[in-house]
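Undergrad: I would like to see how this sequence folds:
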Amino acid sequence: MRNIENIPACGDCHKINSVFSKLAKDELNILTYEKGCNFYKRGNIIYQERNRISGVYCISKGIIKLYKTGIDGREQIIRFAQKGDIIGYRSILSQELACTTAKVIEDAVLCFIPANLFFKLVKENSDFSMKIMRLSLKELGEANKFIIDIAQKTVRERLAEILILLKDTFSLDNDHYLQVSLTREELANLVGTATESVIRLLSEFKSDKYIELNGRRIKILKIDVLKKLGGIN
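TA: Down below sits the predicted model:
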């Protein structure tokens, strides 16, 4: 981690319909003035679960994975955060210890918003508060869906669903490759299975011409087939 000299303007996130899109111009100016920004390399830990954090992080650049660690030490990836997303806000609002660990998987620039400033914005801007509440409910709904999927879907179905989720979250480049690079272990942790199972199923998907593999990179060939297999409407 290192400090950066050119602090990103909050107006940039304002333009991409982040939670800060509901802030007035003077609030954005205060936020830009009072926040701090740092550069993080891949592999850096932003904060760890069961630790207390003192503010909220907004992603200006890069990709962050949020995960919980099981009693066996294995990661369970909860979700990813990218440009315009905020992390750590639920722990700040609930005044509890962090419930996840945040780790950089693509070099990132993060802005840090102190808890007292975040609380001030929540209290004084009802539109911002509503945006935060809707975001929290959306993430809760996704967590509930994940629990149901783990219980009711096969690993093959889950992998197909996750590939489509990654496509919807990060999009495809011009060659139809996912614009996120995950290790096989990270992909397994996202699906909720053993790494060996994901490696085997990816090989099967490749043989069936659903995808192509190039190292960590995954090229999506048959979106409709993967949607049907994953039970996605």
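
Undergrad: how about the helices in this structure?
TA: 10-14, 25-34, 89-94, 115-124, 126-152, 155-170, 184-191, 195-207, 223-229 (DSSP state H).

Undergrad: deepest-packed of these, please.
TA: Ranked by mean neighbour count, the helices of the chain are led by helix 184-191 with a mean of 21 (mean count of other C-beta atoms under 10 Å). Quick note: C-beta positions are derived from backbone N, CA and C, even for glycine.

Undergrad: that one to helix 155-170, inter-axis angle?
TA: Going by axes from the mean of the first three to the mean of the last three C-alpha atoms, to 10 degrees, helix 184-191 is angled at 100 degrees with respect to helix 155-170.

Undergrad: elements contacting helix 184-191?
TA: Helix 184-191 sits against strand 75-81, helix 155-170, helix 195-207, with contacts defined as 3 or more C-beta pairs under 8 Å, 6 or more residues apart in numbering; DSSP states H and E.

Undergrad: and it with helix 126-152, angle?
TA: Using the same axes, to 10 degrees, the inter-axis angle of helix 184-191 relative to helix 126-152 is 100 degrees.

Undergrad: chain center to helix 184-191: distance?
TA: Distance, stretch centre to chain centre, for helix 184-191: 14 Å (C-alpha atoms, centre = their mean, to the nearest Å).

Undergrad: which residues touch the nearest residue to residue 119 once chain neighbours are set aside?
TA: Residue nearest to residue 119 in three dimensions, not counting chain neighbours: residue 92, with 7.7 Å by C-beta to C-beta, 6 or more residues apart in numbering. Residues in contact with residue 92 (C-beta atoms under 8 Å, 6 or more residues apart in numbering) are 53, 55, 56, 115, 118, 119.

Undergrad: so who does the residue nearest to the spatial centre of the chain touch?
TA: Nearest to the mean C-alpha position of the chain, by C-alpha atoms, centre = their mean, lies residue 80 at 1.5 Å. The neighbours of residue 80, taking C-beta under 8 Å, 6+ apart as the test, are 63, 64, 65, 66, 105, 169, 170, 180.

Undergrad: now swap in residue 105 and tell me
TA: Residue 105 is in contact with 42, 63, 64, 65, 80, 180, 181, 182, 186, counting by C-beta under 8 Å, 6+ apart.

Undergrad: export stretch 158-166 to PDB, keeping only CA atoms.
TA: The C-alpha trace of stretch 158-166 is given here as PDB (Å, rounded to 0.1, in the frame of the first residue of the first chain):
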ATOM      1  CA  ARG A 158     -23.300 -23.700  -9.900                       C
ATOM      2  CA  LEU A 159     -20.200 -23.400 -12.000                       C
ATOM      3  CA  ALA A 160     -22.300 -22.500 -15.100                       C
ATOM      4  CA  GLU A 161     -24.200 -19.900 -13.000                       C
ATOM      5  CA  ILE A 162     -21.000 -18.400 -11.600                       C
ATOM      6  CA  LEU A 163     -19.500 -18.000 -15.100                       C
ATOM      7  CA  ILE A 164     -22.600 -16.100 -16.200                       C
ATOM      8  CA  LEU A 165     -22.500 -14.000 -12.900                       C
ATOM      9  CA  LEU A 166     -18.800 -13.100 -13.700                       C
END
